[in-house]
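# Sequence first, predicted model second:
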Amino acid sequence: MFAQLIEILKRGRDNFLCEIKKKQNLTKEDPESYVIRCANELDTSEFDVFRLAYEWWYGRKANERNIESLFKDYMEENIVPHFVMHFARNFLQKQETFT
C-alpha cells in the first residue's frame with residue numbers, strides 16, 4: 001500500500017514537472033521568431049520591423065546606417081536589439097488579443 005502511494009506521488013510529480021517544462025517552452029520563444037512573426041503579420045520585411053521598432057521606441061526616424069548596422073548583427077549573429085524585441089512582442093500580443 002505504502003509503495004503504491006509513493007509511486008502515485010512520483011508520477012504526479014513527474015507529470016507536474018513535465019507540464020511546467022511544456023509551459024516554459026511555449027512561452028520561451030527565441031527572439032528571432034518574434035521578429036519573423038511580426039514581419040509576417042505586418043506583411044513587411046524584417047528590416048522594416050527594425051525601422052518601425054526604432055521609430056516606436058525612440059519617437060523619431062532612424063538613421064539608415066544605424067538600422068543597417070543593427071540588422072547586419074541580427075542576420076550574422078542573431079542579435080535582436082531590445083527595442084525590436086519589445087516592439088515585436090508588444091505587437092504580437094495585441095494581435096492575439098484582437099483575433
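Here it is on my side, so go on.
# So what's the residue count around F50?
25 (other C-beta atoms under 10 Å). From N, CA and C alone the C-beta is placed, and that goes for glycine too.
# Okay, now the unreliable bits of the protein?
Applying pLDDT under 70 to the chain flags the ranges 1-28, 99.
# let's see 90
For the chain, applying pLDDT under 90 flags the ranges 1-31, 94-99.
# Mind jotting down where the helices sit in it?
2-27, 31-42, 46-58, 64-77, 82-98 (DSSP state H).
# Now do stretch 52-70: everything it contacts.
Applying C-beta atoms under 8 Å, 6 or more residues apart in numbering, the set of residues contacting stretch 52-70 from outside is L42, T44, F47, F50, R51, I79, P81, F83, V84, H86, F87, A88.
# Buried residues, that stretch. List them.
Neighbour-count burial for stretch 52-70 flags L52, A53, Y54, A62, I67, L70 (criterion: 16 or more other C-beta atoms under 10 Å).
# Then stretch 37-48?
Buried, per 16+ other C-beta under 10 Å, within stretch 37-48: R37, C38, A39, E46, F47.
# With distance to L92 as new columns, can the residues you listed be given to me in a markdown table?
Output for the buried residues of stretch 37-48, formatted as a markdown table (distance: C-beta to C-beta, whole Å):
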| residue | distance to L92 |
| --- | --- |
| R37 | 6 |
| C38 | 6 |
| A39 | 11 |
| E46 | 14 |
| F47 | 18 |
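# For these, work out which two are farthest apart.
Taking C-beta to C-beta as the measure, the buried residues of stretch 37-48 span a maximum distance of 15.3 Å, between R37 and F47.
# and M75, how many neighbours does it have?
Neighbours around M75, by other C-beta under 10 Å: 12.
# Distance check, S33 against R60.
28 Å (C-beta to C-beta, to the nearest Å).
# E29: which of the buried residues of stretch 52-70 is nearest?
Using C-beta to C-beta, the buried residues of stretch 52-70 come closest to E29 at A53, 16.6 Å.
# now that closest one, nearest residue through space, not along the chain?
F87 (3.5 Å; C-beta to C-beta, 6 or more residues apart in numbering).
# That's all I had, so thanks and see you.
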